[in-house]
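Visitor: Using only what follows, build the 3D model:
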Amino acid sequence: MQPVFLLTDLFVYGILLFVLWYIWHVRSDRNLRSNWRLAMQRPVAMVSSMVLGFFLVVALTDSVHFREALPSAAGQATQYSTEASSVLDKVLEPLAKARERSYSEPLSAVGFRKETFERDGVSVRDYPRLNFGGQHLTDPTQQLSADISSKTWSSLGLSFTIISLTLFLGLSWATVRTRQTFSVVWERFRKGQTAWPWRSMAITFAVMVLCITWVAVLSQGYHVFGTDRTGNSVLVFALKSVRTALVIGGLTTLVVLPLALLLGVMAGYLRGWVDEVIQYIYTLLASIPDVLLIAASVLLLQVFIDKNQGVFETALERADARLFFLCLILGITSFTGLCRLVRGETLKLRELEYIQSARAFGVSTPRVLWRHIVPNLMHLVLINTVMQFSSFVLAEAVLSYVGVGVDPKTASFGVMINTARAELSQSPLVWWSLTTAFGFMFLIVLSANLLADAVRDAFDPRTRLRSVTPVSANSKAGTEGAAA
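Guide: Next up is the predicted model:
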């Protein structure tokens, strides 16, 4: 086994290390720790984090690539496969190899369209049996519903066991930690009277376990989300698309942040000709339609790849290079909004008394920017970053739909939607590819938006004061009433 490091893999690892460093930094910073505690104590934020965490695990398992060793004779050098695989590919290998001839509906045992074939030596026109789906059934018309019901009940029993064991271990740990009786801990958990939203987290965990277990059990005998035109599992393609969506959102954000923060702070603090030049740059970029600029850049990259085939050893590396370049272009065309916001806030901060005092005491400009200006902008940067993540995920889908997004061989939700465009005009309607892409994108974008709302309310001083003031007023009124 030979490890393979793609460009996007390296940045995924870099983002993961940055997140781990930021968590360590939050633990050592009292203000950040209190703000994040305020955000995560909201049930909607914790639930969204759990859903995004599941998708992040899927993306990380799909970011560990390697080449398998090929069989070789004794004494010969080890040869490796020309195509790289990931850990997720190995997990989904049984489903990936269970290919059908063409379309098949979810949880079906027969083909989607009638075909002419021989049955018992007689030529008939009927729905053919699938190569994988429902092969263990002798008579699908009579046994299909009963078999799906049996597997569903089995998955429910397994899910109930996992959920019960996890809940019991969690409550036992809380009993030891709080030094209270099990009944008291259970009653507080049941009523939601805990500092952290453990009840909402438990419900979310139960739903996730139920869904994952049901899909895993039924996938052993069926295509749970059907197959596409080439007979490949839609579930496999959707899970592979999760990494593309998160890479687009995370890597593009990583490109936007330094550009917007550096140029915005310099324009707002230095002013003069520096401000004029930076305003001219981002105004010029904002005047060009994003789709046209991205389309021209991606097409130029594709021409370079076609003329220099030797630069990339495999098709996966060529597709990954296009994905990486798309993130760069999308970040360059999307930093203007945050840059304007940072510039305006810096113009306000530079006139405050503590900044004027620092300049009067001779503090250098880089130190003023790094120690006084940037820390007071981070709440705006963090809020804008979390809110832009979902917009980048949607942008990839739109760009791939119009044909200037990721490589057509790369699994992405935009490619699924673009393929479903032709399928929707067929009769009978092929609906499951579009529905699956919509469902996965809906969960990712909705979770990101809900988490962004919670982070905004916790880090924005104005919204935080509005949410805290009524509670403080009520507490004060209650104290005065008790004293009276």
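
Visitor: which residues of the chain score low on pLDDT?
Guide: Within the chain, the ranges that satisfy pLDDT under 70 run 72-77, 310-311, 460-484.

Visitor: quick one, helices of the stretch 101-250 of the chain?
Guide: Using DSSP state H, counting those that start in this stretch, the helices of the stretch 101-250 of the chain run over residues 140-178, 182-191, 198-218, 234-270.

Visitor: so what secondary structure elements neighbour the shortest one?
Guide: Right, the one you point to is helix 182-191. Counting by 3 or more C-beta pairs under 8 Å, 6 or more residues apart in numbering; DSSP states H and E, the packing neighbours recorded for helix 182-191 are helix 140-178, helix 198-218. No exception for glycine: its C-beta is placed from N, CA and C like everyone else's.

Visitor: Tell me which of the ones you listed sits most buried.
Guide: Most buried of the helices and strands packed on helix 182-191, by mean neighbour count (mean count of other C-beta atoms under 10 Å): helix 198-218, with a mean of 17.

Visitor: Between helix 140-178 and it, find me the angle.
Guide: 150 degrees (axes from the mean of the first three to the mean of the last three C-alpha atoms, to 10 degrees).

Visitor: and the direction of helix 198-218 versus that of helix 182-191, what angle?
Guide: Using the same axes, to 10 degrees, helix 198-218 lies at 80 degrees relative to helix 182-191.

Visitor: how many degrees apart are helix 198-218 and helix 234-270 in direction?
Guide: Counting by the same axes, to 10 degrees, helix 198-218 lies at 140 degrees to helix 234-270.

Visitor: And the contacts of helix 198-218?
Guide: The contact list for helix 198-218 (C-beta atoms under 8 Å, 6 or more residues apart in numbering) reads 43, 46-47, 50-51, 54, 107, 148, 151-152, 154-156, 158-159, 162-163, 166-167, 170, 189-190, 192, 224, 235.

Visitor: hmm, try it at 7 Å
Guide: Contacts to helix 198-218, defined as C-beta atoms under 7 Å, 6 or more residues apart in numbering, come from residues 43, 46-47, 50, 54, 107, 151-152, 154-155, 158-159, 162-163, 166-167, 189, 192, 224.

Visitor: and Phe66, which of the three is it?
Guide: strand (DSSP: H, G, I helix; E, B strand; the rest coil).

Visitor: how near is it to Leu369?
Guide: Distance from Phe66 to Leu369, counting by C-beta to C-beta, to the nearest Å: 43 Å.

Visitor: same check, this time on Phe182
Guide: Phe182 is 55 Å from Leu369, by C-beta to C-beta.

Visitor: Between the two, point out the one with more neighbours.
Guide: Shown here are Phe182 and Leu369; by other C-beta atoms under 10 Å, Leu369 has more neighbours (20 against 12).

Visitor: so what's the residue nearest to the more buried one when sequence neighbours are not counted up against?
Guide: The shortest distance from Leu369 to any non-neighbouring residue, by C-beta to C-beta, 6 or more residues apart in numbering, is to Val265 (5.7 Å). The contact partners of Val265, taken as C-beta under 7 Å, 6+ apart, are Val342, Thr346, Leu369, Ile373, Val374.

Visitor: So which of these wins on neighbours?
Guide: Among the contacts of Val265, the one with the most neighbours (other C-beta under 10 Å) is Val342, at 26 neighbours.

Visitor: Am I right that that one sits in a strand?
Guide: No: counting by three-state DSSP, Val342 is not found in a strand; it is helix.

Visitor: and the residue lying closest to Thr82 once chain neighbours are set aside, how far is that from Val4?
Guide: Nearest non-adjacent residue to Thr82, counting by C-beta to C-beta, 6+ apart: Thr314, 6.0 Å away. According to C-beta to C-beta, Thr314 stands 9 Å off from Val4.

Visitor: what's the answer for Asn418, then?
Guide: Distance of Asn418 to Val4, given as C-beta to C-beta: 28 Å.

Visitor: all strands for this protein, in order.
Guide: 2-4, 65-67, 85-86, 115-119, 122-126 (DSSP state E).

Visitor: Let me know how buried Ser123 is, in neighbour terms.
Guide: Applying other C-beta under 10 Å, we find 8 residues neighbouring Ser123.

Visitor: Would you agree it is in contact with Thr116?
Guide: Yes: applying C-beta atoms under 7 Å, one finds Ser123 in contact with Thr116, separated by 6.4 Å.

Visitor: Kindly state the beta-bridge partners for Ala69.
Guide: Beta-bridge pairing for Ala69 (DSSP bridges): Tyr80.

Visitor: Could I get the contacting residues of it?
Guide: Shown in contact with Ala69 (C-beta under 7 Å, 6+ apart): Met1, Thr78, Tyr80.

Visitor: Who wins on neighbours among these?
Guide: Tyr80 leads the contacts of Ala69 on contacts (other C-beta under 10 Å) with 15 neighbours.

Visitor: what's near enough to touch that residue?
Guide: Gln2, Arg67, Glu68, Ala69, Leu70.

Visitor: Could you find the closest non-adjacent residue to the third one?
Guide: Pointing back at Glu68 there. Once flanking residues are discounted, Glu68 sits nearest to Ser81: 4.9 Å by C-beta to C-beta, 6+ apart.

Visitor: I'm done for today, thanks for sticking with me.
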